[in-house]
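Trainee: A predicted structure for the sequence below; I have some questions about it.
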Amino acid sequence: PALSNKDSYPFFLRTVPPDSLQARALWSWILQFEVPMAGCLYSAESYGQGLFDALKELERSHGQQDRVQGQALRNMEREFVAEEARTAVRLVKQIG
């Protein structure tokens with residue numbers, strides 16, 4: 001969302017839809033297929049966190065709190081820690 005501010009970033013162009021649009025598409029999918037609860041594993045940085053937050057906001061605005069649950073995993077671009085990733089996946093599995 002911050003990069004969408006044309007006053008601050010007048011020359012910024014997107015090649016990927018903003019979080020708000022992606023979240024609406026995912027929320028529509030959850031509703032269309034009557035998914036009772038969605039578990040999300042997302043990266044704990046602006047892209048992953050932003051998408052998860054946008055999805056949670058849609059959940060709240062539709063009065064369906066706790067239909068989407070998630071677990072953040074820190075960005076491991078330089079050093080992948082397999083056990084840390086496994087722990088995050090196990091936590092998501094426990095959600096649903």
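Mentor: Structure's in. What do you need? Numbering: from 1, shown residues only.
Trainee: list the residues that contact A88.
Mentor: By CB atoms under 8 Å, 6 or more residues apart in numbering, A88 lies in contact with L41, Q71, A72, L73. For the C-beta atoms, the positions are set from N, CA and C on the backbone; glycine is no exception.
Trainee: in helices, which of the residues you listed fall?
Mentor: Per DSSP state H, helices hold no members of the contacts of A88.
Trainee: wait, which of the residues you listed is closest to W27?
Mentor: Minimum distance to W27 across these is 17.5 Å, recorded for L41 (CB to CB).
Trainee: beta-bridge partners for that closest one, please?
Mentor: Q71 (DSSP bridges).
Trainee: any idea how far L58 is from it?
Mentor: Distance of L41 to L58, computed by CB to CB, to the nearest Å: 18 Å.
Trainee: do A72 as well
Mentor: Distance, A72 to L58, by CB to CB: 18 Å.
Trainee: hang on, isn't G39 packed against G70?
Mentor: Yes. Assessed by CB atoms under 8 Å, G39 is found in contact with G70 at 7.0 Å.
Trainee: need the overlap of contacts for these two.
Mentor: By the contact definition CB under 8 Å, 6+ apart, G39 and G70 are jointly contacted by V92, I95.
Trainee: which one's more surrounded, the two?
Mentor: A direct count of neighbours by other CB atoms under 10 Å for G39 and G70 places G70 higher, at 20 against 15.
Trainee: the more buried one: what's it in contact with?
Mentor: By CB under 8 Å, 6+ apart, the contact set of G70 is G39, C40, L41, Y42, F52, K56, V92, I95.
Trainee: burial count for G63?
Mentor: Quick note: G63 (other CB under 10 Å) scores 7 neighbours.
Trainee: could you look up the SS state of it?
Mentor: Secondary structure assignment for G63 (DSSP: H, G, I helix; E, B strand; the rest coil): coil.
Trainee: from L73, how far out is it?
Mentor: 29 Å.
Trainee: ok, back up a step: which of A72 and L58 has more neighbours?
Mentor: L58 (20 against 16).
Trainee: please identify the helix or strand for the more buried one.
Mentor: For L58, the enclosing helix or strand under DSSP states H and E is helix 46-61.
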